[in-house]
Structure formats: structure tokens, C-alpha cells
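Student: Sequence isn't available, so here's the structure alone:
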């Protein structure tokens with residue numbers, strides 16, 4: 001019976017797991033709409049808070065927020081993290097509804113908006129595609 005070491009396989013598995021989902025340059029999102037608009041993110045915040053859900057249980061909610069520009073105007077790309085819901089609900093607007101938690105702006109770490117996503121409703125609705133990442 002031939003004995004093989006699991007070390008090479010374990011090393012390979014760790015290397016694959018350490019590879020980021022996408023290489024992005026610059027490190028913040030740059031996205032283009034199907035209408036030709038370009039949003040370039042400049043800062044990121046991720047407020048979280050706890051509140052009672054409709055069933056009375058205390059749950060953690062969150063919002064990912066990218067502050068950036070579309071042309072000369074400030075814009076905010078948000079994604080709400082709502083427990084028990086499925087699928088993303090992206091929103092993009094020139095104003096921001098403040099979440100019930102303080103915002104601490106910084107640079108985003110690892111993020112993944114997918115290759116494209118849909119913003120429904122409002123003047124910035126449409127299909128938005130990430131332009132600065134390669135997989």
C-alpha cells in the first residue's frame with residue numbers, strides 16, 4: 001500500500017481558500033449603469049444595530065454603505081442586511097437615510113457586489129456592473 005502525505009493537499013486547500021473573490025483596482029467599488037452613469041466609491045461604513053423583529057425576537061440588522069460620486073454629485077450605494085430575508089436589496093441615491101447606529105467612515109476591506117446587480121426605483125435605477133474587478 002502506497003502512503004501519501006496529506007500535507008500537499010492541505011497546503012493547496014489553504015492557498016485556494018486564501019485567494020480573494022476578486023482583485024479590484026482601486027480597492028473601492030467602481031460601477032457603471034446601463035444608462036452610462038459611473039459611481040466611484042470613496043468611503044465605506046458598516047453600521048449594525050439590534051432591534052426586535054416582527055416575531056418579537058431580538059435580531060442584528062446592518063447596512064453596508066458606500067459613499068462616492070456620480071459625476072460631481074455625492075451618492076450613496078447601500079445594501080441592507082435584514083435577518084430572515086433572501087437576496088440583496090441594493091439602493092443608490094444622492095441622499096442617505098441614516099441607520100439607527102453611528103456611521104464610522106473608512107476604507108472598505110474585502111467586498112463583493114457580484115458582477116452586476118439591479119437597483120429598483122428612483123432616478124438611479126437600472127442594472128449596475130462592477131468595472132474595476134477581475135475574477
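Tutor: Received, thanks. Nothing here was measured: the structure is a model prediction, and the numbers come from that model.
Student: hey, let's count contacts and neighbours off CA atoms from now on
Tutor: Fine.
Student: Quick one: low-confidence residue ranges for this structure.
Tutor: Applying pLDDT under 70 to the chain picks out residues 1-22, 86-88, 109, 134-135.
Student: Please, where are all the strands along it?
Tutor: Using DSSP state E, the strands found in the chain span residues 23-24, 30-33, 38-45, 48-52, 58-70, 73-81, 90-93, 116-119, 126-130, 133-134.
Student: who wins for proximity to residue 105 among those?
Tutor: With respect to residue 105, and counting by Cα to Cα, the nearest of those is strand 38-45 at 4.9 Å.
Student: could you check the angle strand 58-70 makes with that closest one?
Tutor: Put simply, strand 38-45 runs at 140 degrees to strand 58-70, going by axes from the mean of the first three to the mean of the last three Cα atoms, to 10 degrees.
Student: Need the contact partners of strand 38-45.
Tutor: Applying Cα atoms under 8 Å, 6 or more residues apart in numbering, the contact partners of strand 38-45 are 28-32, 64-71, 75, 103-108.
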